[in-house]
Structure formats: C-alpha cells, structure tokens
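In: fold the following for me, if possible:
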Amino acid sequence: MEKTQKTVEKNEEEKMISKKEFEELKKKEKILKKAAEILRVEDKDLPRVIERFQKEIKEMEEKLKGFA
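Out: As a prediction, this is how the structure comes out:
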C-alpha cells in the first residue's frame, strides 16, 4: 500500500507546474484575451478567425500578383 501512495504522490508532483511556467501561461492568456478583444471575437474563436484572415490575405496576395 505504501508503494501505491508514493506513486500517487509522485504523479501529483509531476502534474504541478513551476511558478515560472504559471507566469508564462498567464502572460500568454493576457495576450490571447487582448487579441480577441481587438478582433472582437471570443477567446475560443481566435484560432479560427486568425486562420481565416491568413487565408484571405494569401488570396489577396495571389490576386495582386495577377495584376502585376
């Protein structure tokens, strides 16, 4: 039983993140929220919206190449 408890405790420790990792995640979350705010979309929709914008930019670049 003691070995099982130590295994559980070790697994719990491995799940924890360092303060530095936590701060980095908070920083990224702040950037994500600001980008979503600027684009006026929900946080969860940001990746899809960014992909759409990139696709539209690429299509416009292709059209512009046809005029050159």
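
In: can we go C-alpha only for contacts and neighbour counts from here?
Out: Fine.

In: state the distance from F67 to E61.
Out: 10 Å (CA to CA, to the nearest Å).

In: C-terminal to the lowest-mean-pLDDT helix or strand in the chain, what's the next element?
Out: Ranked by mean pLDDT, DSSP states H and E, the weakest helix or strand in the chain is helix 2-15, scoring a mean of 64. Proceeding C-terminally, helix 2-15 gives way to helix 19-39 as the next helix or strand, assigned by DSSP states H and E.

In: kindly export that next one (C-alpha atoms) in CSV.
Out: Taking Å, rounded to 0.1, in the frame of the first residue of the first chain, the C-alpha atoms of helix 19-39 are listed here in CSV:
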residue,chain,number,x,y,z
LYS,A,19,5.9,29.4,-10.8
LYS,A,20,7.8,30.5,-13.9
GLU,A,21,5.6,28.2,-16.1
PHE,A,22,2.5,29.6,-14.4
GLU,A,23,3.6,33.2,-15.0
GLU,A,24,4.3,32.4,-18.7
LEU,A,25,0.8,30.9,-19.1
LYS,A,26,-0.7,34.0,-17.5
LYS,A,27,1.2,36.2,-19.9
LYS,A,28,0.1,34.2,-22.9
GLU,A,29,-3.5,34.3,-21.6
LYS,A,30,-3.4,38.0,-21.4
ILE,A,31,-2.1,38.3,-25.0
LEU,A,32,-4.8,35.9,-26.2
LYS,A,33,-7.5,37.9,-24.4
LYS,A,34,-6.2,41.2,-25.8
ALA,A,35,-6.0,39.8,-29.4
ALA,A,36,-9.6,38.5,-29.1
GLU,A,37,-10.7,41.9,-27.8
ILE,A,38,-9.1,43.7,-30.6
LEU,A,39,-10.6,41.4,-33.2
